[in-house]
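Trainee: Any chance you can model this:
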Amino acid sequence: MKEFKLHPRLIKDTFHIIDLKLSRLLLMNDSNYPWFILVPTRKNITELYELEKKDRLELNSEIDTVSKKLSIHFNAKKMNIAALGNIVPQLHIHIIVRKKNDAAWPNPVWNNTDTIPYKESFSFKLVKDIRRLLGDLI
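Mentor: Numbering: from 1, shown residues only. Predicted coordinates:
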């Protein structure tokens, strides 16, 4: 089996934030929303049921903890959490902070607005802030 490798689309569209016990946390390069992605660092996994039970439990724990901390940090109205994988088959979980004044509220974020990439200086600051916020999870 091959070593874990991040899908090329995720490499292109995200910034690396931190590696947790199971997953790599990424920031989507779309300033319309605080949009994060958790990718379990397991080889050749495309579906949740393909993870071993202990990994599914760990992933759920990471989703819960990361979502709660991000919700509080960004003062979210709603947290959208999804595992779609229609374009990127590698298992990844979207964690999107939603607010009533965001670009697509109350609709889903997909195909409702044009992507607005972060300004480089802001993306670096945001990644640093989230690393500090989640540093106890390492």
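Trainee: Distance from the chain centre to the helix ranked longest in the chain, please.
Mentor: With secondary structure taken from DSSP state H, the chain has its longest helix at helix 53-74. Relative to its chain's centre, helix 53-74 lies at 10 Å (Cα atoms, centre = their mean, to the nearest Å).
Trainee: Need the contact partners of that helix.
Mentor: Residues outside helix 53-74 that contact it (Cβ atoms under 8 Å, 6 or more residues apart in numbering) are 20-23, 25, 34, 36, 38, 40, 42, 48, 51, 76, 79, 81, 93, 95, 97, 99, 130, 133-134, 137. (C-beta placed from N, C-alpha, C; glycine too.)
Trainee: Stretch 4-17 now?
Mentor: Stretch 4-17 has contacts (Cβ under 8 Å, 6+ apart) with 24-29, 36-37, 39, 41-43, 87-90, 92, 118, 123, 127, 130-131, 134.
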